[in-house]
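Undergrad: Generate coordinates for the sequence data below:
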Amino acid sequence: MRTILTRVSDKDEEQVTIQCVEVTQDIRNLQAYAESVGNSITAEIDGKTVNVPLGDILYFEAVDEKVFAYLPAAVADVKGRLYEYEDRLREKGFLRVSKSVLLHLSKIQNISPTLGRKFIAELEGGECVVISRQYIKTLREILLGGNVNGF
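TA: Residues are numbered from 1 along each chain as shown. Predicted coordinates:
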């Protein structure tokens, strides 16, 4: 099998084309892998390495030099630094809301103020995350129709 790699000028033009004589399980696996790239992360849950879809993640949190992805029913240990996930997932609906938390905006159910000019975001499943005051302006602009697509 030969491979051809062609550069395009716009991210929206990126695609993978598979040309095959017969659609085998190997071809289907290759297709599934290509479709999942960028839409999931590799993490460790209960000692097992798994692919976690981004849509399942409520938020990321950095604790003691480690980064964790919080899911509705589990906590996953992920490799890397929080700022790396922030850069990579900016266009996927994640926003930094404190020094140690990267929040999935589509998981927010309710935001309410607290004392000290901070806010609490209630997420799906009742999980709550503190939003630091220095991030409130950016969050407000995004949620109220400011720069929604350009994180």
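
Undergrad: List the contacts of the worst-scoring helix or strand of the chain on mean pLDDT.
TA: Sorted by mean pLDDT, DSSP states H and E, the helices and strands of the chain end with helix 25-36, the least confident at a mean of 75. The contact list for helix 25-36, computed with CB atoms under 8 Å, 6 or more residues apart in numbering, reads 16, 18, 20, 51. From N, CA and C alone the C-beta is placed, and that goes for glycine too.

Undergrad: One more pass at 6 Å, please.
TA: 16, 20 (CB atoms under 6 Å, 6 or more residues apart in numbering).

Undergrad: Tell me which residue of the chain is furthest from the middle?
TA: residue 21 (36.1 Å; CA atoms, centre = their mean).

Undergrad: Spell out the secondary structure type for it.
TA: Classification of residue 21 using DSSP: H, G, I helix; E, B strand; the rest coil returns coil.

Undergrad: Great, nothing more from me.
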